[in-house]
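1. below is the structure, and that's it, no one-letter string:
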């Protein structure tokens with residue numbers, strides 16, 4: 001029993017240290033996130049416009065390939081396929097970039113650790129903040145697109161910040177874990193990049209997961225266990241009326257099991273990130289030199 005208590009106490013201490021480092025370095029994190037944004041778009045003729053151009057081009061390509069090329073773009077939940085696609089894929093733009101970008105964040109800012117002794121746990125946070133700022137801009141643009149198209153989002157749009165915060169926290173924990181492991185071995189980063197496209201196609205971003213609910217209930221349940229799917233459909237619940245044609249969308253508490261599964265995944269990811277930090281924090285500076 002004493003060993004179990006000491007085990008949990010050690011991880012609680014690491015978690016407290018993590019929180020403390022974030023509080024103490026909050027101003028620096030925001031400054032670094034802004035600097036990261038400027039660095040990303042500096043030198044490009046269109047500058048910040050690329051933050052919007054890239055998602056727009058991607059959405060158009062997928063819509064054209066599926067709706068025009070394959071002729072599979074029929075209305076879903078009473079809205080045109082293109083709007084249904086946009087409502088879900090905007091979350092993927094952030095998640096996809098963070099899944100792969102999180103593996104490189106610590107190596108990318110290795111000088112903060114080797115030369116300045118900057119807290120390792122805050123590096124994923126400031127890199128994800130820069131992506132989150134761009135994501136917020138895209139969300140505003142999507143809301144405007146829905147309104148202009150005559151499909152004003154339902155009242156459930158007010159819960160969108162809830163899903164945005166869940167997404168940020170989840171992938172921030174992922175970035176810390178993946179960044180630490182990748183700092184020790186580049187093979188992990190390559191493995192993640194190779195699986196990223198699989199996650200995209202299996203998460204119901206381009207196609208409706210509900211289509212397999214009756215024909216393959218087990219497959220449906222497995223797909224809904226995917227945290228990316230949960231967030232993607234959470235965004236759609238904020239933008240799109242439900243399938244019964246109600247004037248309202250769907251509140252997050254109407255799917256308690258899905259939320260519970262997501263929180264379980266998040267708890268596992270928090271544990272893995274704390275485990276990696278506990279095991280590797282003393283070795284990381286030597287590895288990055």
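-> Yep, that arrived. Quantities reported herein were computed from a predicted structural model and do not represent experimental measurements. Numbering: from 1, shown residues only.
2. please enumerate the helices of this protein.
-> Applying DSSP state H to the chain gives helices spanning 2-24, 26-41, 50-63, 81-108, 110-114, 122-148, 160-184, 186-201, 217-224, 227-239, 256-280, 284-288.
3. where does the prediction get shaky in this structure?
-> 1-9, 11, 13, 40-51, 63, 67-75, 77, 241-249, 286, 288-289 (pLDDT under 70).
4. could you identify which of the helices of the chain is most buried?
-> helix 227-239 (a mean of 24; mean count of other Cβ atoms under 10 Å). All C-beta spots, glycine's among them, are computed from the backbone N, C-alpha and C.
5. quick one: closest of the helices of the chain to residue 154.
-> Checking the helices of the chain against residue 154 by Cβ to Cβ gives helix 227-239 as the closest, at 8.0 Å.
6. not counting its own residues, what contacts the closest one?
-> 77, 83-84, 87-92, 95, 142-143, 146, 153-154, 156-157, 159-160, 163, 166-167, 170, 199, 203-205, 209, 223-224, 249-252, 258-259, 261-262, 265-266 (Cβ atoms under 8 Å, 6 or more residues apart in numbering).
7. mind redoing it with 7 Å?
-> With Cβ atoms under 7 Å, 6 or more residues apart in numbering as the test, helix 227-239 has contacts from 84, 87-88, 90-92, 95, 146, 153, 156-157, 159-160, 163, 166-167, 170, 199, 203-205, 209, 223, 249-250, 252, 258, 262, 265.
8. before we move on, what about stretch 208-218?
-> 76, 219, 220, 223, 224, 229.
9. likewise stretch 163-183?
-> Here stretch 163-183 has contacts from 91, 94-95, 98-99, 102-107, 121, 123-125, 127-128, 132, 188-189, 192, 227, 231, 234-235, 238, 266, 269-270, 272-273, 276-277, 280, 284, 287-288, using Cβ under 7 Å, 6+ apart.
10. ok, so of the contacts of stretch 208-218, who is nearest residue 56?
-> Nearest to residue 56 among the contacts of stretch 208-218, with distances taken as Cβ to Cβ, is residue 76, at 20.5 Å.
11. help me confirm that that closest one comes into contact with residue 84.
-> Yes. With contact defined as Cβ atoms under 7 Å, residue 76 and residue 84 form a contacting pair (4.4 Å).
12. contacting residues for residue 141?
-> So residue 141 contacts residue 52 (Cβ under 7 Å, 6+ apart).
13. residue 86 versus that one, what's the distance?
-> Using Cβ to Cβ, to the nearest Å, residue 141 is found at 10 Å from residue 86.
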